[in-house]
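Peer 1: Provided below are the primary sequence and the corresponding predicted coordinates.
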Amino acid sequence: MTDRVWDKYLSEEDKAVFAASGFGSLAEWGKRPALLVIDVNYAFCDEKPTPILESIRKWRTSCGEYAWQAMPVLQKLIETCRGKGIPIIYTTGVQRADKWDAGSWAWKSARRREEALSGAAPATSDGLDGNEIVAEIAPGPRDIVIHKQKPSGFAGTPLTSYLQLLGCDSVIVTGTTTSGCVRATVLDAFSLNYRVTVVEDGCFDRAQANHAINLCDMHAKYANVMPSEEVIGYLNGLSQGMYDLPSGAGMERVAAAE
């Protein structure tokens, strides 16, 4: 891992500071990880690869084509975890139809504030709910979906209790945005003493400088930021059937009702 996505943003002094301070050392892997897929929904991805400036006219939070560059990586990680019986936990947003619960989200985005005041949903081409997870990586019946209202997957959700129920000591974090909900989830996981790995090519953001620098900072202090090939190699080395996963019985009926 000699060439990192953030290298071009660092001065020689920055690199010397990291080296002298000891930041960026690789922590040991955990023994019982869960894969977290943060907010890979239509509001952040659009329905298909679309140039970002075009995509955000419709989905104001979209990462455009950058989301779809990560999609094959996410598919491979999810396939690997399902094959090994490793828990997969998705997060996505939830909100009242009248947008009353937008809360602090409306303070920093003019378009979000307009939505909250009007109670109108953002326009889409086919009426999709922006919080619906993209079909290409849709949850299976044995996967877990967490609905959240704030950046971190831990804020006001049962994520910690589910990780405890599964006996997890670590999380592998993917999804979007690198600088927002991914970073917030990573910091909370770190603060709760989980070992944290971030998949470098399994995360994405709107602004590429934000993406790179936040990966750099997380790798320096809170997580191992690693390419998907190395993460998949680690996952393939884990024992089969370590977890008591949900059976998935009846989940098809729940999905149909939704």
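Peer 2: Right, received. Where do you want to start?

Peer 1: What is the three-state secondary structure of the closest residue to P87 other than its chain neighbours?
Peer 2: In space, and not counting its chain neighbours, P87 is closest to A34: 4.4 Å by C-beta to C-beta, 6 or more residues apart in numbering. The way it works is simple: take the backbone N, C-alpha and C, and place the C-beta from them, glycine included. Three-state secondary structure (criterion: DSSP: H, G, I helix; E, B strand; the rest coil) places A34 in strand.

Peer 1: Quick check: pLDDT value at A34.
Peer 2: Model confidence at A34, expressed as pLDDT, equals 98.

Peer 1: The one 4 residues further on too?
Peer 2: Looking at I38, its pLDDT stands at 98.

Peer 1: What strand or helix carries T91?
Peer 2: Secondary-structure element containing T91, defined by DSSP states H and E: strand 88-93.

Peer 1: just L245 next, same as before
Peer 2: Using DSSP H and E, no element contains L245; it sits outside every helix and strand.

Peer 1: How about the contacts made by it?
Peer 2: L245 makes contact with 85, 87, 142, 166 under the criterion C-beta atoms under 8 Å, 6 or more residues apart in numbering.

Peer 1: Now for the second one, how many residues are close by?
Peer 2: Residues near P87, counting by other C-beta atoms under 10 Å, number 26.

Peer 1: now the last one
Peer 2: Summarising burial for L166: neighbours were counted as other C-beta under 10 Å, giving 20.

Peer 1: before we move on, what about the third one?
Peer 2: One way to gauge burial is a neighbour count; for R142, by other C-beta under 10 Å, it gives 15.

Peer 1: now it, nearest residue through space, not along the chain?
Peer 2: With C-beta to C-beta, 6+ apart as the measure, G248 is the residue that lies nearest to R142, at 4.1 Å, once sequence neighbours are left out.

Peer 1: surely that neighbour meets I144?
Peer 2: No - with contact defined as C-beta atoms under 8 Å, G248 and I144 do not form a contacting pair (10.5 Å).

Peer 1: More neighbours: the two, which one.
Peer 2: Here G248 and I144 are set side by side on neighbour count (other C-beta under 10 Å), and the busier one is I144, at 20 against 11.

Peer 1: For the more buried one, give me its contacts.
Peer 2: I144 sits next to 87-90, 162, 246 when contact means C-beta under 8 Å, 6+ apart.

Peer 1: Pull out the buried residues from those residues.
Peer 2: Buried residues within the contacts of I144, defined by neighbour count using 16 or more other C-beta atoms under 10 Å: 87-90, 162.

Peer 1: just to revisit the earlier point, give me the helices and strands touching the strand holding T91, please.
Peer 2: strand 33-38, helix 65-84, strand 144-148, helix 159-166 (3 or more C-beta pairs under 8 Å, 6 or more residues apart in numbering; DSSP states H and E).

Peer 1: Now do it and strand 144-148, the angle between them.
Peer 2: With axes from the mean of the first three to the mean of the last three C-alpha atoms, to 10 degrees as the criterion, the two stretches strand 88-93 and strand 144-148 enclose an angle of 20 degrees.

Peer 1: State the mean pLDDT of strand 88-93.
Peer 2: Averaged over strand 88-93, pLDDT sits at 98.

Peer 1: Next, the angle from that strand to strand 33-38.
Peer 2: 20 degrees.
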